[in-house]
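Student: give the three-dimensional model of this entry:
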Amino acid sequence: MYSQRVDAWVTAFLLLNTYAFIIFIQDKRKAKRGKPFRIPESSFFLTAACGGGIGTLIGMTAARHKTQHLSFKLLLPLLFVTSVALFMIGYQHIQA
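Tutor: Residues are numbered from 1 along each chain as shown. I've put the predicted structure just below:
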């Protein structure tokens with residue numbers, strides 16, 4: 001059975017991951033331009049932990065940004081898997 005809750009869940013998940021992707025791109029641009037006010041690394045991890053792991057990992061790879069940081073190399077793939085699991089569990093729960 002299809003419901004508006006499924007629409008809302010998928011939309012929220014897509015928006016969160018799009019936001020995660022965009023902040024990586026923005027931070028990379030700020031880094032290239034030497035801007036002093038950059039996005040804190042904790043923001044990337046918090047966004048990924050809240051379900052934006054897919055967007056952060058894609059953003060990191062696409063922008064080639066923070067790829068040499070060990071914390072990003074280790075945590076973002078883990079948060080990617082966590083995000084997929086969170087989405088699937090939530091999706092199944094909503095459909096039940």
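
Student: how long is stretch 33-48 from one end to the other?
Tutor: One end of stretch 33-48 sits 25 Å from the other (Cα to Cα, to the nearest Å).

Student: any regions of this protein where pLDDT drops low?
Tutor: Along the chain, the parts satisfying pLDDT under 70 run over 1-2, 96.

Student: separation between the residue nearest to the spatial centre of it and residue 18?
Tutor: Centroid-nearest residue in the chain, with Cα atoms, centre = their mean: residue 52, separated by 2.7 Å. Distance, residue 52 to residue 18, by Cβ to Cβ, to the nearest Å: 9 Å. C-beta here means a position set from N, CA and C on the backbone, and glycine is covered the same way.

Student: picking up where we left off before, host element of the residue nearest to the residue nearest to the centre of the chain when sequence neighbours are not counted?
Tutor: Once flanking residues are discounted, residue 52 sits nearest to residue 20: 3.4 Å by Cβ to Cβ, 6 or more residues apart in numbering. Assessed by DSSP states H and E, residue 20 sits inside helix 4-33.

Student: next, the buried residues of that helix.
Tutor: 9, 13, 16, 17, 20, 21, 23, 24, 26, 27, 28 (16 or more other Cβ atoms under 10 Å).

Student: now it: how far from the chain's centre is it?
Tutor: Offset of helix 4-33 from its chain centre (Cα atoms, centre = their mean, to the nearest Å): 6 Å.

Student: show me what the following helix or strand past that helix is packed against.
Tutor: Sequence-wise, the next helix or strand downstream of helix 4-33 (DSSP H and E) is helix 41-47. For helix 41-47, the contact count by 3 or more Cβ pairs under 8 Å, 6 or more residues apart in numbering; DSSP states H and E identifies helix 4-33, helix 53-63, helix 70-95 as packing neighbours.
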